[in-house]
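Chemist: Here's a sequence, model it:
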Amino acid sequence: MKKVAVIMAGCGFKDGGEIHENTLTLLALNLAGAQYQCAAPSIPQFQVVDHVTAQRVAETRNVMVEAARIARGNIVDVRELRVADYDAVVVPGGFGAANNLSSFAREGAAMKVDPGVGEFLIGMHKAGKPIGAICIAPPLAAWTLKQCGVTGADITIGNDPGTAAKIRELGQNHVDCPATDCVVDRRHKVVTTPAYMTARSIGELWAGIQRTIEELLKL
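Modeler: The predicted structure is shown next:
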């Protein structure tokens, strides 16, 4: 049975992990017969947003504690992950991927990445193990490849010109893709899908995530 690390970014799409994307990722892994371990950095969220008003609120929340809501408590600090224990890694989206796991939302291609997340992703790539990234998480895959001296990998975030340009700034090739599909770079073992960057329904979201997990496990 293949074992996959799922790196989460909190709970709630405006400031953490997108709940549908995280849940459907776990469902797809389960239906494919894979075992998974949820993980997240134990750090404060960059911001906390009221999901009713969409306004930032003066609260402090921990990324791993929030992600544990989705993982039903079965979660570890990302720093505890060991490359040798996993066959693949996948990072679902939500603004937390661009604000908590990294600073992509604020700094674009000059992004910084949480040390624990970055170390594990780089280690997985160097070990020849596949990386999956969903929605706004693909810049993490682009960054990882760049740190490893890789350029020209095919990656998608859908069809947003501004975000696609930042993928290219990170040295990779952006490929437009609908939410129901994914982009597979077999040479560099990266699978990405737009998810809610373009999805108009949870059904479209599921189609793309299921395909992503299927392709990830093939690699």
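
Chemist: contacts, neighbours, all on C-alpha from now
Modeler: Will do.

Chemist: Quick one: end-to-end distance for stretch 131-144.
Modeler: From its first residue to its last, stretch 131-144 covers 10 Å (CA to CA, to the nearest Å).

Chemist: I should have written stretch 3-11 there, sorry.
Modeler: End-to-end distance of stretch 3-11 (CA to CA): 23 Å.

Chemist: what does that stretch contact?
Modeler: Stretch 3-11 has contacts (CA atoms under 8 Å, 6 or more residues apart in numbering) with 16-19, 22, 34-41, 45, 62-70, 78, 81, 85-94, 96-97, 100-101, 117.

Chemist: what's next to the top helix by length along the chain, contact-wise?
Modeler: Secondary structure of the chain read by DSSP state H shows that its longest helix is helix 202-218. Under the criterion CA under 8 Å, 6+ apart, residues 2, 20-21, 24-25, 28-29, 32, 88, 130-132, 134, 179-182, 184, 189-196, 199 lie in contact with helix 202-218.

Chemist: mind listing the strands for the chain?
Modeler: With DSSP state E, the ranges of strands along the chain come out as 3-7, 35-40, 48-49, 56-57, 75-77, 88-91, 131-134, 154-155, 173-174, 183-185, 190-193.

Chemist: just the ones you listed: most buried one?
Modeler: Across these, averaging neighbours per residue (mean count of other CA atoms under 10 Å) puts strand 190-193 on top, at a mean of 32.

Chemist: ok, back up a step: next, the angle from the longest helix of the chain to strand 3-7.
Modeler: Orientation note: helix 202-218 sits at an angle of 130 degrees relative to strand 3-7 (axes from the mean of the first three to the mean of the last three CA atoms, to 10 degrees).

Chemist: For helix 202-218, what is the distance to the chain centroid?
Modeler: Taking CA atoms, centre = their mean, to the nearest Å, one finds the center of helix 202-218 at 13 Å from the center of the full chain.

Chemist: That helix - what's its average pLDDT?
Modeler: Mean per-residue pLDDT for helix 202-218: 98.
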